[in-house]
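Asker: sequence and predicted model, in that order:
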Amino acid sequence: MTTQKIHIVGGGLVGPLMAVYLARKGFAVEMHERRPDMRRMTVPAGRSINLAVTARGLRSLEEVGLKADVLKIAIPMKGRMIHDLEGKTSFLPYGQKEDEVIYAASRGLLNKVLLEAADACENVNIHFNRRCTGYDTETSMLTFAEQQGEIKAEIVIGTDGAWSVIRKALFDEVPNFNYSQSFLEYGYKELVIPPAAAGGFRMEKNALHIWPRKSHMMIALPNTDGSFTMTLFYPYTGFAALKTEKDVLDFFSRDFPDALALMPTLAEDFFDNPTGALVTVKCSPWHNKAATVMGDAAHAIVPFFAQGMNSGFEDCAVLNSLITSDRPDWDSVFGAFGHLRKPNTDAIADMAVENFFEMRDSVASPKFALKKQVGFELEKRWPEKFIPRYSMVIFHPEIPYAEARRRGDIQDRILEELCACIDKVEQLDWVKAERLLG
């Protein structure tokens, strides 16, 4: 077993999983987390955005034996339940196979599972209430707040989120470091539908619910206690105009009447919970000689393709695959890691923004539903030539994000041409479809 020590800064979702991977390879891991131990406290509401675990994340979890533990706290969602203004619903399946589902999971519960797994490793030490305030790439010193001093850290992995201290150190000290951040003009507000009085769910539990309203939307994910976490995505100017309880109730009565009837604490939740930001972060390089960033610290994305956490978990698997000795050349390992991952994380970042507009504007359209149906039919007939873009991203972890985007762009044009003059699948020109697919 190697005695080389690796310091992980950030104990959210990606940090503990990477710690487990490294511990299984025999490395000593010190993980530093700014928050208290969430296993022993109540996690405040308002900024979680409930998570959807998909095949990419599950594959990484399975590699370290955690898939079954995560599925115990998750609820399968088979598709999107679309709510119109009259309260009518329509269901759009995610895939056409029985196992093509995604899983809703509470961020807090998932974080606890990962912390427990990391804590169970003999060679992992977790330090809570230890907020990293700086990292010197020349001296390899990590600095902490509240007079906690400095630590010599020869190898550092930053999993400290979209506002990463480790990334800032690279930005400040690595020559030609590129960095960009892009905010949507939308914020988000978390709300809740409580469990039914007798227990259980007030809506279909095995679906991701969407209220698309062109300029804004709301979604709901189920929780294991029978509640739904609702997330309203609304322009900042719109949030600013909702100043009173009456404003909020009038707005929901107009735009989300069926949801309003299920939200007894709406006004309280609306004003108690903060308005979160939606940001995309890109940077390069992701490393210097002895430090790298990963997960949101390297590539924060908006949540509309359910791939923020999943891409971070995929980071862990890729980095783990590149560590092939107990005394690796970390500069080469980290360099190869960034080279492999950045084109793919850039691709999913762009697709996530595009999917926001699809969810907000298109999912209620009959033409959108038709394209989905045609895509499924093409996949059934020619699976070696056509897999819908959504399925490539969500259900096919063997297809890199960048390849899914490349193929998806071509397929979108094919679907547009095939569906331009038809209203139902039965009218599809199969000869033309075969010609377009080549």
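Answerer: Sure thing, it's come through.
Asker: if I look at the most centrally placed residue in the chain, how far off is A404?
Answerer: To find the centre residue of the chain, average its C-alpha atoms and take the closest one (Cα atoms, centre = their mean): that gives G308, at 2.6 Å. The gap separating G308 from A404 is 16 Å, by Cβ to Cβ, to the nearest Å. For glycine as for every other residue, the C-beta is placed from the backbone atoms N, C-alpha and C.
Asker: same check on L340?
Answerer: From L340 across to A404, the span is 15 Å (Cβ to Cβ).
Asker: name the residue in those two with the higher neighbour count.
Answerer: Taking L340 and A404 together and counting by other Cβ atoms under 10 Å, A404 has the greater number of neighbours (24 against 16).
Asker: so the more buried one touches R389, yeah?
Answerer: Yes: taking contact to mean Cβ atoms under 8 Å, the distance of 6.2 Å between A404 and R389 places them in contact.
Asker: common neighbours of the two, please.
Answerer: Common neighbours of A404 and R389, counting by Cβ atoms under 8 Å, 6 or more residues apart in numbering, are M351.
Asker: which parts of the stretch 251-400 of the chain are helices?
Answerer: Chain-ordered helices for the stretch 251-400 of the chain, with DSSP state H, counting those that start in this stretch as the definition, fall at 257-260, 266-272, 296-299, 308-322, 330-357, 366-381, 389-395.
Asker: the second one - contacts with which helices or strands?
Answerer: Okay, so that is helix 266-272. Under the contact criterion of 3 or more Cβ pairs under 8 Å, 6 or more residues apart in numbering; DSSP states H and E, the helices and strands touching helix 266-272 comprise strand 178-193, helix 245-255.
Asker: the longest one: how far from the chain's middle?
Answerer: In this case it means strand 178-193. Centroid displacement of strand 178-193 relative to its chain, using Cα atoms, centre = their mean, to the nearest Å, is 13 Å.
Asker: could you point out which element follows it?
Answerer: Downstream of strand 178-193, the next assigned helix or strand under DSSP states H and E is strand 208-212.
Asker: against which helices or strands is that next one packed?
Answerer: Contacts defined by 3+ Cβ pairs under 8 Å, 6+ apart place strand 208-212 against strand 79-83, strand 217-222.
Asker: pick the most buried one from those strands.
Answerer: strand 217-222 (a mean of 24; mean count of other Cβ atoms under 10 Å).
Asker: adding distance to E185, write the helices of the stretch 251-400 of the chain out as a markdown table.
Answerer: Below are the helices of the stretch 251-400 of the chain laid out as a markdown table (distance: least, Cβ to Cβ, whole Å):
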| stretch | distance to E185 |
| --- | --- |
| helix 257-260 | 23 |
| helix 266-272 | 20 |
| helix 296-299 | 21 |
| helix 308-322 | 19 |
| helix 330-357 | 11 |
| helix 366-381 | 23 |
| helix 389-395 | 25 |
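Asker: for the ones you listed, give me CSV that also has distance to V425 and mean pLDDT.
Answerer: Conversion of these to CSV gives the following (distance: least, Cβ to Cβ, whole Å; pLDDT from 0 to 100):
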stretch, distance to V425, mean pLDDT
helix 257-260, 29, 98
helix 266-272, 40, 97
helix 296-299, 37, 98
helix 308-322, 30, 98
helix 330-357, 23, 97
helix 366-381, 5, 94
helix 389-395, 17, 96
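Asker: buried deepest among the ones you listed, which one?
Answerer: Greatest average neighbour count among those goes to helix 296-299 (a mean of 29), per mean count of other Cβ under 10 Å.
Asker: what's that helix packed up against?
Answerer: In terms of contact count using 3+ Cβ pairs under 8 Å, 6+ apart, helix 296-299 is assigned the packing partners helix 165-173, strand 275-284, helix 308-322, helix 330-357.
Asker: and the ones you listed: which comes nearest F128?
Answerer: Each of the helices and strands packed on helix 296-299 was checked against F128 via Cβ to Cβ, and the shortest separation belongs to helix 165-173, namely 16.5 Å.
Asker: report all helices and strands that that closest one contacts.
Answerer: Using 3+ Cβ pairs under 8 Å, 6+ apart as the contact definition, the elements that helix 165-173 packs against are strand 132-136, strand 156-158, strand 275-284, strand 291-293, helix 296-299.
Asker: just to revisit the earlier point, please identify the most buried of the helices and strands packed on helix 266-272.
Answerer: Most buried of these by mean neighbour count (mean count of other Cβ under 10 Å) is strand 178-193; its value is a mean of 17.
Asker: stretch 237-255: how far from the chain's middle?
Answerer: Centroid separation for stretch 237-255 versus its chain: 28 Å, with Cα atoms, centre = their mean.
Asker: using CSV, list the CA coordinates for it.
Answerer: Output of stretch 237-255 as CSV, limited to C-alpha atoms (Å, rounded to 0.1, in the frame of the first residue of the first chain):
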residue,chain,number,x,y,z
THR,A,237,-36.9,40.6,-13.3
GLY,A,238,-39.9,38.3,-12.7
PHE,A,239,-38.7,37.4,-9.2
ALA,A,240,-38.2,41.1,-8.4
ALA,A,241,-41.8,41.8,-9.2
LEU,A,242,-43.2,39.2,-6.8
LYS,A,243,-43.0,41.3,-3.7
THR,A,244,-46.0,40.3,-1.6
GLU,A,245,-47.9,37.2,-0.7
LYS,A,246,-50.7,38.3,-3.0
ASP,A,247,-48.3,38.7,-5.9
VAL,A,248,-47.0,35.1,-5.5
LEU,A,249,-50.5,33.6,-5.1
ASP,A,250,-51.9,35.5,-8.0
PHE,A,251,-48.9,34.4,-10.2
PHE,A,252,-49.3,30.8,-9.3
SER,A,253,-53.1,30.9,-9.6
ARG,A,254,-52.6,32.2,-13.2
ASP,A,255,-49.6,30.0,-14.3
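Asker: give the rounded mean pLDDT of it.
Answerer: In this model, stretch 237-255 has a mean pLDDT of 98.
Asker: just to revisit the earlier point, what's the neighbour count on the nearest residue to the residue nearest to the centre of the chain once chain neighbours are set aside?
Answerer: Leaving out its chain neighbours, the residue that sits closest to G308 by Cβ to Cβ, 6 or more residues apart in numbering is I301, at 5.2 Å. Burial measure for I301: 25 neighbouring residues, criterion other Cβ under 10 Å.
Asker: contacting residues around I301?
Answerer: For I301, the contact set (Cβ under 8 Å, 6+ apart) comprises 280-281, 307-308, 311, 345, 348-349, 352.
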